[in-house]
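[1] I would like the atomic coordinates for the input below:
(chains A and B)
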Amino acid sequence: MTLIVENLSKEFEQRDVHSPALVSINLEVQDKEFTCVLGPSGCGKTTLLRIIAGLEKPTSGKVIIGGEIVTEPTPRLAMIFQDYSLFPWRTVLDNIAFGLEMKGIDETERHRVASHYLDLIGLCGFGKNYPYELSGGMRQRVAVARALAIDPSVLLMDEPFGALDAQTRNMLQKQLLEIWEKTQKTILFVTHSVDEAVFMADRIVVLTSRPGTVKEVVKIDLPRPRDRTSLDFASVRRYVLGLIDEQLPIQ
Amino acid sequence: MQMPPDNQPWWHRIQSKPVLLKIALPIIIIISWIVLSALIDNEFILPSIASVLLVLSKPFADILGSGSLVGNALVSLGRVLIGFFVAAVLAIPLGISMARNNKVHDFFDSTIQVFRPIPPLAWVPLALAWFRIGLLSMVFIIAIGAFFPILLNTLDGVKSIKKTWIEAAHTLGAKERQVLTNVILPGAAPTIWTGLRVGFGIAWMCVVAAEMMPGTNSGIGYLIITSYNWGQVQVIIAGIIVIGIIGLGIDYLFKVVERKKFMWRELDR
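    Okay, the predicted model is just below:
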C-alpha cells in the first residue's frame, strides 16, 4: 500500500512563539519499499513519524495511506518505538498477541498467530518469559513481532536500534532485512546513522536541520546483501554523509 | 569469611547476625515487662505476662459478657472490610479520572487538599450527629481513613504510566476503553495496590478507635474499652496484641500478592 505525505508542516507553540519543526514535506513510499528518513538530531524526523502514525496532528498538509487520510492511529500503520514500550506485566507471547486481543480474536487463534511471529524473530521458547528477562535486542525483536502480528501495511520505526550496542545493532539490522524480505512489508525507518541508512534502505530521505525539510532523496542501488566494507558502499556513504555535513553550522 | 572470635563483646556478636539483631528489641521489651511487672506488683497497672498469655490462650472464651477475642476481632474485621471497600470503590475511579483529565483534577484537587490532613477521628462527633451510633458511622470513619492513601496512590500510579505504552496500544488498534482496562489499570496496578495496603492499615487503626465511641457494643475496640472500665488490664494488652497480629497478617498478605503479581515493577528497567 502506498504511503503519501503531502505538503506537511508542523509548528510548535511555546508561550505564543511559533517555531516551525517541519516545513512542507512531500514524500511517497511505495509498496514493499524500505525507506529511511535520515537527519541530524532535532530535525523533526521523530515528529514526522509520529504524525504519519496519527499520534500527532500536523499544522497543515496530510498523510494518506491506501487512499485514506490518517487522522488517528490505525492498525494499517504499526509503530515501533525506540524504548520498545513492551507491556512489562504481559508475557512475551501475550505482548505479541496484544493487537489481536484488542480485535477480539480468541485466545487459541491469537496464540497461534503470535507463536508464528515469535518463530519469525527467532525467539521461540521465550513465549512464556517476561520482557524484563530479555536483553534490549531481544525486546526490540518482540516489539517488531508485536507490530507485525496485526498485519499492518506499513511498519514505522523510530530509531529502533538507537539504544543498543554496535554488535547487537548490526545483527538486528540484518534480521530486520530478513523479516522484511519474508513479510514483504513497507518500512519507513527513522535514523540519525548514515551507516544504518545506507545499509538498510532502498531510498534515503535526507532531512535538513530544524526546521526539517526534504533536502534530497537518495536512491541506493547497491545489491543486497550489502557489504559494509565494499568500495561502492563507502562511496555512497561518503555522498550521504556530505549531504548531512553541508547543513551543519561550522563551529 | 572469617567467623568473629569468641572473645568479642556480645553487642558485636549480635550485630554480625541479622536474626539476632531483629529479635533483640522484642526480647528486651519482654524482659523489661517481666522485671517491671514484678517490681510494680499491681495487676491493675501492669499485669504479668502470664495473665496476658492466659487471656490469649482462650481466644474463643467469653470475656466479661462482651464476647470472645476472636469473635470481636471478626466483627471489627467485617466493619473494616465494608469501609475499606467503600473507600476503594470511590477512590480508584476518582484517582484514574483525575490523573487522566486535567479538568477533573482541577475540580477536585483543592477540596481534597483541604480534607486530606484532617485525622479520620476528628469526624467522630459529626459521624455520631449524622448517622447515630452504629455500623454506618463506623463505616464512614473507616472509609475516610482509607480513602486518601488509595486516591493518592492511584493518581500517582496512573500518572507514572509510560506515554509510549498508551501510544503503542493505540497504534495496535486499542480503543479508549481497551486502553483503560488493558494498559492503564494493569500499568498502575502495583501503585494502586500499595495504596490499598496503606489504606487498609489506616482503616484497621480507625476501626479500633471508632469502636471506642460511646454506645458501641461489639468489636475489639469495644472489648478494650470495656476491659478498661472493669480494670482488666491484661485483657487490654491481649486485645492490643490481637490488633497488632491481625494488622501484621493482613499486611503480609498484601505483600505476598505484591511479590507474586507485581514483580515486574521492580525488574522492568
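[2] So, low pLDDT: which residues of the chain?
    Since no chain was named, I'll use chain A. Within chain A, the ranges that satisfy pLDDT under 70 run A:247-251.
[3] you looked at the wrong chain, it should be chain B
    Residues of chain B meeting the criterion pLDDT under 70: B:1-7, B:10-11, B:13-15, B:269.
[4] what residues does it put near chain A?
    Residues of chain B found near chain A (Cβ under 8 Å from any Cβ of the partner chain) are B:162, B:164-165, B:167-175, B:178, B:182-183, B:186-187, B:189, B:262, B:264-265, B:267-269. (Glycine included, C-beta is placed from N, CA and C.)
[5] List buried members of these by neighbour count.
    Among those, those classed as buried by 16 or more other Cβ atoms under 10 Å in any protein chain shown are B:162, B:164-165, B:167-174, B:178, B:182-183, B:186-187, B:189, B:262, B:264-265.
[6] What residues does the residue lying closest to B:Leu180 once chain neighbours are set aside make contact with?
    Closest residue to B:Leu180 apart from its sequence neighbours, by Cβ to Cβ, 6 or more residues apart in numbering or on different chains: B:Ile96 at 7.6 Å. Each residue near B:Ile96 by Cβ atoms under 8 Å, 6 or more residues apart in numbering or on different chains is listed here: B:154, B:158, B:180, B:184-185, B:188.
[7] Backbone torsions only: list them for the residue sitting nearest the centre point of chain A.
    In chain A, the centroid-proximal residue (Cα atoms, centre = their mean) is A:Met157; its distance is 1.6 Å. Main-chain dihedrals, A:Met157, degrees, to the nearest 10: phi -120, psi 120.
[8] Show me which positions of the helix or strand hosting A:Leu172 end up buried.
    Using DSSP states H and E, A:Leu172 maps to helix A:166-183. Buried residues in helix A:166-183, counting neighbours by 16+ other Cβ under 10 Å, are found at A:168-170, A:172-173, A:175-177, A:179-180.
[9] Let's verify the residue nearest to B:Phe140 when sequence neighbours are not counted: helix, strand, or coil?
    Using Cβ to Cβ, 6+ apart and skipping the chain neighbours, the partner closest in space to B:Phe140 is B:Ala127 (4.9 Å). The three-state assignment at B:Ala127 reads helix, by DSSP: H, G, I helix; E, B strand; the rest coil.
[10] In this model B:Ile142 seems to touch B:Ala127, though I could be wrong.
    No: assessed by Cβ atoms under 8 Å, B:Ala127 is found out of contact with B:Ile142, at 10.2 Å.
[11] quick one: which of these two has more around it?
    Neighbours were counted for B:Ala127 and for B:Ile142 using other Cβ atoms under 10 Å in any protein chain shown; B:Ile142 has more, 31 against 22.
[12] Not counting whatever helix or strand A:Leu48 lives in itself, show me its contacts.
    Take DSSP H and E as the rule and A:Leu48 turns out to sit in helix A:45-53. With contact meaning Cβ under 8 Å, 6+ apart, helix A:45-53 is reached by A:3, A:5, A:8, A:10, A:21-22, A:25, A:37-39, A:56-58, A:63, A:70, A:73, A:77, A:79, A:156, A:158-159, A:188, A:190, A:192, A:207, A:212, B:171.
[13] Same question for stretch A:206-226.
    By Cβ under 8 Å, 6+ apart, the list of residues contacting stretch A:206-226 from outside reads A:19-27, A:37-40, A:42-45, A:47-48, A:174, A:177, A:198-199, A:201-205, A:230, A:232-233, A:236, A:239-240, A:243-244, A:247-248.
[14] if I look at B:Ala127 and B:Ile142, which residues touch both of them?
    In the contact map built from Cβ under 8 Å, 6+ apart, the residues linked to both B:Ala127 and B:Ile142 are B:Ala210.
[15] where's the residue nearest to B:Phe140 relative to A:Ser60, distance?
    The gap separating B:Ala127 from A:Ser60 is 60 Å, by Cβ to Cβ, to the nearest Å.
[16] Check which helix or strand A:Ser9 maps to.
    strand A:3-14.
[17] Pull out the buried positions in the helix or strand just after that strand.
    Per DSSP H and E, strand A:3-14 leads on to strand A:17-29 as the next helix or strand towards the C-terminus. Buried residues in strand A:17-29, defined by neighbour count with 16+ other Cβ under 10 Å: A:20-23, A:25, A:27, A:29.
[18] what angle do strand A:17-29 and strand A:3-14 make?
    Put simply, strand A:17-29 runs at 170 degrees to strand A:3-14, going by axes from the mean of the first three to the mean of the last three Cα atoms, to 10 degrees.
[19] helices and strands around strand A:17-29, which ones?
    Judged by 3 or more Cβ pairs under 8 Å, 6 or more residues apart in numbering or on different chains; DSSP states H and E, the packing partners of strand A:17-29 are strand A:3-14, helix A:45-53, strand A:214-219.
[20] Quick one: distance of that strand to the chain centre.
    18 Å (Cα atoms, centre = their mean, to the nearest Å).
[21] B:Gly95 contacts B:Ile150, doesn't it?
    Yes: between B:Gly95 and B:Ile150 there is a contact under Cβ under 8 Å: 7.2 Å.
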